[in-house]
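Student: Give me the fold of what follows.
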Amino acid sequence: MTSSEELKELLARKELFIFDLDGTMFNSLGDLAPAVNFALKQFGIQEISKDNVRSCIGNGSRNLIRRSVASGIMFGAGKTAGEPIAGKSSAEHLDVRDKEAVNAILEGAGFDEAKIDEVLKVYSAYYWDHCTIDTEPYEGVLEFIDWICSSESRGEGKKIAAMLTNKPVAPAKKILEKFGLIGNGDSVQGDAADKIVTYLCGDTTPERKPGPGGIYAILEKLGVAPEKAIMIGDDTPDVMAAKNAGIDSIICLEGFGRPENLLPLEPRYTIRHIKDLLKLV
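Tutor: All right, here's what the predicted structure looks like:
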C-alpha cells in the first residue's frame, strides 16, 4: 500500500480525478447478480452464485455475460467456476478470467457470439430496469467527491471529478442520478454544475478501457494536462488505460479486480479502497 504521506502529496497536486464506476465508486453486485441469473435462466443455463458473478465482473457487460454463461455451463455439468483453485484442473474448474478457457466452454456448448448477443440483450433489459435497487456507494466515496468539489471554497486550486466506465450509459447515468452526482437532465456528458462534471461510458466513449481514448477525450474536454490528472479504479482496464494515456492511477485492491492480476502491472499508487483517501483530507 502507498504511504499516507505520498498519497497526501498526490491528492494536493492533482486537479482532475477520473473515477471508474463498478467496484470503485459503487458496489453494484447486488443488482448485477440477479440480472445475470435472470438472463441465464431464460436460456436454460444453471444459475450461479453472487460470489461467482463477482468473479466474472470486469471489462464490460459483454465479458460479464460470456464468463457467466461459461460458469453456468460448468455448474450445470457438476463442475466449478470462478476464482482459480489450486490443484484443480481446467477440466474440472473454470478460471473465468482465462479467455481461452471461457471461449472453449462456450464453443463446446454452441454459444457463438450471436447467441451471446441474445443473452446480453436479455440481461441488459433486466439490469437497466433494476440497476439501482441494491447498488450502494462504497464507504467514503460520496464524501471524497464532496471534498473534490469543495476545493475552491477551501482556498485551493480548483479540483474536478469525472467518470470513465465500460458500463453502458443507461444504467451508469441512472446510478449517478440516484446518488446526486449528476442532475436529471438529458445530457449524457455531464454538466459543469454536476459533482461529476463529465462522464463517458462503454457506448459513448471513443474507446473502451484499457484503451486511452476515453481519458484523452476527458482531458481535452476539461482542458487538463495529463500530469494533473489521475485515474482511480479497481481492475486491470483502469491500470492499463491510465498507463496507455500517460497519467497516474490509484488502484483500489478491495474492489472487483484481483490483486494478483493488478500488482504485476505495477500500479504506482495502491490503497484498500477510497475510504483510505478520505482519511487523508
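Student: Pull the contacting residues for the nearest residue to D22 once chain neighbours are set aside.
Tutor: Sequence neighbours aside, S28 is the residue nearest to D22 in space, at 5.0 Å (criterion: C-beta to C-beta, 6 or more residues apart in numbering). Glycine gets a C-beta too; all of them are placed from N, C-alpha and C. Contact analysis of S28 by C-beta atoms under 8 Å, 6 or more residues apart in numbering lists 21-22, 131, 135, 175.
Student: how close does E47 get to L219?
Tutor: Counting by C-beta to C-beta, to the nearest Å, the gap from E47 to L219 is 42 Å.
Student: Skipping adjacent residues, who's closest to H93 in space?
Tutor: Counting by C-beta to C-beta, 6+ apart, the residue nearest H93 is T80, at 4.7 Å.
Student: typo on my end, it should be L253
Tutor: P259 (4.8 Å).
Student: quick one: the helices in the stretch 151-281 of the chain?
Tutor: Taking DSSP state H, counting those that start in this stretch, the helices of the stretch 151-281 of the chain run over residues 169-178, 213-222, 236-245, 259-262, 275-278.
Student: comparing these, which gets the lowest mean pLDDT score?
Tutor: Ranked by mean pLDDT, the helices of the stretch 151-281 of the chain bottom out at helix 259-262, with a mean of 91.
Student: by contact count, what packs against it?
Tutor: If you count contacts as 3 or more C-beta pairs under 8 Å, 6 or more residues apart in numbering; DSSP states H and E, helix 259-262 packs onto helix 236-245.
Student: Surely R258 and V96 touch.
Tutor: No: look at R258 against V96 with C-beta atoms under 8 Å: they stay out of range, at 10.5 Å.
Student: if I look at these two, which residues touch both of them?
Tutor: E83.
Student: more neighbours, those two?
Tutor: V96 (28 against 17; other C-beta atoms under 10 Å).
Student: and the nearest residue to the more buried one once chain neighbours are set aside, what helix or strand is that in?
Tutor: Nearest residue to V96 in three dimensions, chain neighbours excluded: R67, at 4.2 Å (C-beta to C-beta, 6+ apart). Using DSSP states H and E, R67 sits in helix 61-76.
Student: who's in contact with the helix or strand just after that helix?
Tutor: Using DSSP H and E, the next helix or strand after helix 61-76 towards the C-terminus is strand 80-82. By C-beta under 8 Å, 6+ apart, the residues outside strand 80-82 that reach it are 48, 51-52, 55-56, 70-71, 74-75, 88, 92-96.
Student: do the same with stretch 146-165
Tutor: 14-22, 25, 145, 172, 176, 190, 195-202, 205, 209, 214-215, 218, 222, 224, 231, 241, 278, 281.
Student: one more time with 7 Å, if that's ok
Tutor: 15-22, 145, 172, 195-202, 205, 209, 214-215, 218, 222, 281 (C-beta atoms under 7 Å, 6 or more residues apart in numbering).
Student: quick one on the thing from earlier: which parts of the helix holding R67 are buried?
Tutor: 61-75 (16 or more other C-beta atoms under 10 Å).
Student: contacting residues for S71?
Tutor: 48, 52, 56, 81-82, 94, 96.
Student: now it, nearest residue through space, not along the chain?
Tutor: A81 (3.7 Å).
Student: May I have the beta-bridge partners of that neighbour?
Tutor: Beta-bridge partners for A81, by DSSP bridges, are L94.
Student: Against E100, how distant is it?
Tutor: On the measure of C-beta to C-beta, A81 and E100 end up 14 Å apart.
Student: hmm, back to that, if you look at the contacts of stretch 146-165, which of them are in strands?
Tutor: 16-19, 196-200 (DSSP state E).
Student: which of the residues you listed lies closest to I105?
Tutor: L200 (32.1 Å; C-beta to C-beta).
Student: Neighbours of the closest residue to the closest one other than its chain neighbours, how many?
Tutor: Nearest residue to L200 in three dimensions, chain neighbours excluded: G214, at 4.8 Å (C-beta to C-beta, 6+ apart). The local packing of G214 (other C-beta under 10 Å) involves 27 other residues.
Student: And for A114?
Tutor: Count around A114 with other C-beta under 10 Å applied: 7.
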